[in-house]
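>>> I'd like to go over a predicted model; first the sequence, then the structure.
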Amino acid sequence: MIKLINYINQAFLLPVTTEVIEKISGESELKFEFVEDEYNKTLIDNISKKWKVTNVNGSEDNKEFVITFIKKESNSKSVKVSVVAKEKQIDDLKSRIIYENLTGNYTAKKFFEIVFADSLYNFVLKDKVYSKKWENAGDGENKLETFKKGLERYGLEFEYKPEIKTFVLKKKVFHLANYYIKNGTNALNFKLEEDSSDLYTYIKGFGNYNNKFQNAGLKLEYKHPLIDTIGKYEAPPVKDGKINDSKYLMSKMKEIVNNSLSLDFIALQDEFPEAVVHVGDIVPVKDSPLLINDNIRIIEVKTKRDENNNIFKQEATLGDYKRSERYLSLVNNSVTYTKDLANKNINFEANQNKVNSLISDTENLISMGNALNANSNGLTLINKLNIIALTKSKGIQISNNGGDSFKALINDGLLNTELIPLATSTSDGIMT
């Protein structure tokens with residue numbers, strides 16, 4: 001049951017099914033519809049735009065929405081009303097104008113102080129970001145437009161805390177979830193979002209110049225550790241004549257390249273509570289049909305609640321997956337070869353170079369994993385019950401029972417000969 005509040009603070013309780021769509025740093029949207037009956041006729045006759053809607057998640061929910069769209073359809077028997085509402089804090093920012101012309105260098109703190117001045121809302125800046133030069137920001141725009149431009153230029157996301165009317169600004173909104181998504185065990189539906197970001201391994205930076213960046217006094221280049229493995233993929237250059245600090249220029253270059261290759265691995269929990277997902281959750285996802293076993297951030301959640309505010313369906317859109325897919329393809333050859341060794345399907349003498357290459361690749365993969373923020377134990381590659389664990393001690397462990405037990409195939413760069421099949425008079429092998 002939701003609560004609708006009119007212009008003079010009269011409240012109307014309405015038992016109705018609702019749908020809320022939430023996005024990272026986006027405008028949440030509430031939708032519901034209801035049909036005329038003997039109890040809600042007064043509400044149908046009077047409901048208007050800018051009415052407030054609360055209690056979507058129950059009587060303790062203090063998030064407020066504002067009605068922005070109403071459609072009434074009638075037939076010979078009744079009237080059906082369809083309603084769309086936006087979050088009140090977003091609507092409030094959209095309704096206020098910044099008359100000041102913002103030109104010059106502004107720290108993020110100073111910029112957002114101007115945005116939130118006289119807005120009834122506060123903000124907290126959680127991460128340190130560099131100041132930016134602005135030209136003609138504000139200058140008659142509404143606060144929401146200027147706020148969004150600030151988020152984009154300072155590289156920030158936000159989450160809103162309705163209980164204290166505060167926008168929390170940070171480089172990335174995330175929460176480590178206490179559940180995981182696994183096909184066959186969870187009613188949660190999810191879909192994959194195509195990752196439109198590019199993958200880069202090389203970038204140039206230019207600073208300290210007046211007109212043409214080709215004549216820059218400060219020129220830098222940065223190569224990602226993966227460049228020798230997957231090749232040279234150039235990012236658009238960083239060009240800013242006002243930058244004179246080489247460390248600052250390099251940080252901007254690394255941010256572009258490293259973000260395009262970011263990846264994290266965590267172990268899945270064996271059990272999880274009933275999943276109620278939230279935007280920004282970092283969730284271990286395991287789905288065999290889609291060949292996913294990864295740590296993925298939820299970037300959109302669609303939640304449907306019944307008339308008693310109970311959730312009966314949630315759909316989550318998972319972001320940043322294609323990056324993982326790209327990374328896993330890099331190690332596919334090494335994993336395949338290791339699997340052949342484990343299954344004793346390969347001739348050792350004829351493939352001595354491949355074994356040596358595999359040992360070398362293991363070291364490269366560990367270095368790659370560190371560059372990609374893998375966890376302290378190394379990387380784990382999973383294909384159904386077959387698991388290849390690349391350890392931080394330059395080793396490879398294998399399991400064919402889903403991880404219940406492991407055997408060391410390579411440890412500290414040395415091959416475990418006990419796992420190599422012996423050649424006999426009746427069977428082929430790669431050792432005698």
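The structure has been received and is ready for your questions.
>>> Neighbours of Ile5, how many?
Residue crowding around Ile5 was assessed by other Cβ atoms under 10 Å; the count is 14. Glycine gets a C-beta too; all of them are placed from N, C-alpha and C.
>>> Start from the N-terminal end of the chain and give the helices.
With DSSP state H applied, the chain shows helices at 41-46, 88-94, 108-116, 143-154, 227-230, 246-259, 321-330, 332-342, 352-371, listed in chain order.
>>> And the first one, what's buried?
Buried residues in helix 41-46, defined by neighbour count with 16 or more other Cβ atoms under 10 Å: 43-44.
>>> Mind giving me the packing neighbours of that helix?
Counting contacts by 3 or more Cβ pairs under 8 Å, 6 or more residues apart in numbering; DSSP states H and E, the secondary-structure elements packed against helix 41-46 are strand 11-14.
>>> who touches the strand it packs on?
For strand 11-14, the surrounding residues in contact (Cβ atoms under 8 Å, 6 or more residues apart in numbering) are 1-6, 34, 40, 42-43.
>>> With stretch 212-220 instead?
The contact list for stretch 212-220, computed with Cβ under 8 Å, 6+ apart, reads 204-209, 237, 239, 241, 243-244, 246, 249-250, 253.
>>> who's Asn142 bridged to?
For Asn142, the residues forming beta bridges with it (DSSP bridges) are Ile97.
>>> so how far is Lys63 from it?
22 Å (Cβ to Cβ, to the nearest Å).
>>> Compare the two (neighbour count), which wins?
For the pair Asn142 and Lys63, the greater number of neighbours falls to Lys63 (18 against 14), based on other Cβ under 10 Å.
>>> And for that one, nearest residue in space, chain neighbours not counted?
Distance criterion Cβ to Cβ, 6 or more residues apart in numbering; nearest residue to Lys63, sequence neighbours excluded, is Pro162 at 4.8 Å.
>>> For that neighbour, the count of nearby residues, please.
Pro162, neighbours per other Cβ under 10 Å, totals 14.
>>> again with Gln214
Using other Cβ under 10 Å, Gln214 is surrounded by 9 other residues.
>>> Would you mind giving the domain segments of the chain?
Following automatic domain parsing, the chain resolves into domains at 2-88, 96-170, 175-195+264-326, 202-259, 331-419.
>>> tell me the mean pLDDT over the shortest one?
Just to be clear, that refers to domain 202-259. Averaging pLDDT along domain 202-259 yields 86.
>>> The first one too?
Per-residue pLDDT over domain 2-88 has a mean of 91.
>>> Isn't the residue nearest to Lys63 up against Glu60?
No - in terms of Cβ atoms under 8 Å, Pro162 does not count as a neighbour of Glu60; the distance is 11.5 Å.
>>> Within its sheet, name the partner strands of the strand ranked longest in the chain and how each one runs.
Looking only at the chain and at elements set by DSSP state E, the strand with the highest residue count is strand 292-305. The partner list of strand 292-305 in its sheet, established with DSSP bridges, is strand 18-23 (antiparallel), strand 281-287 (antiparallel), strand 311-319 (antiparallel).
>>> now it: mean pLDDT?
Here strand 292-305 scores 76 as its mean pLDDT.
>>> So which of the contacts of stretch 212-220 sit within strands?
Applying DSSP E to these, the entries found in strands are 204-207, 239.
>>> Redo those as CSV? Include neighbour count.
Written out in CSV, the entries for these read as follows (neighbours: other Cβ atoms under 10 Å):
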residue, neighbour count
Lys204, 17
Gly205, 26
Phe206, 21
Gly207, 23
Lys239, 15
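>>> Run through the bridge partners of the residue nearest to Lys23 when sequence neighbours are not counted.
Leaving aside its chain neighbours, Lys23 sits nearest to Glu300 (4.8 Å; criterion: Cβ to Cβ, 6+ apart). Note on Glu300: beta-bridge partners by DSSP bridges are Lys23, Thr317.
>>> ok, Glu300 touching Asp281?
No - in terms of Cβ under 8 Å, Glu300 does not count as a neighbour of Asp281; the distance is 11.2 Å.
>>> who's more crowded, these two?
Each of Glu300 and Asp281 has its neighbours counted (other Cβ under 10 Å); Asp281 has more, 23 against 17.
>>> residues near the residue lying closest to the more buried one once chain neighbours are set aside, how many?
With Cβ to Cβ, 6+ apart as the measure, Ala177 is the residue that lies nearest to Asp281, at 4.2 Å, once sequence neighbours are left out. Counted with other Cβ under 10 Å, the neighbours of Ala177 add up to 21.
>>> Now do Ala177, the pLDDT please.
73.
>>> residues touching it, list them.
If a contact means Cβ under 8 Å, 6+ apart, then Ala177 has 277, 281-284 as its contacts.
>>> Same check on Gly207?
With contacts defined as Cβ under 8 Å, 6+ apart, the neighbours of Gly207 are 216-218, 220, 238, 240-246, 249.
>>> Whichever of those residues end up buried, select them in ChimeraX.
Once 16+ other Cβ under 10 Å is used to decide burial, the buried members of those can be selected in ChimeraX as follows:
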select :216,218,220,238,240,241,243,249
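>>> before we move on, back to that, of the strands paired with strand 292-305, which is nearest Glu135?
Taking Cβ to Cβ as the measure, those were each checked against Glu135, and strand 18-23 came out nearest at 29.0 Å.
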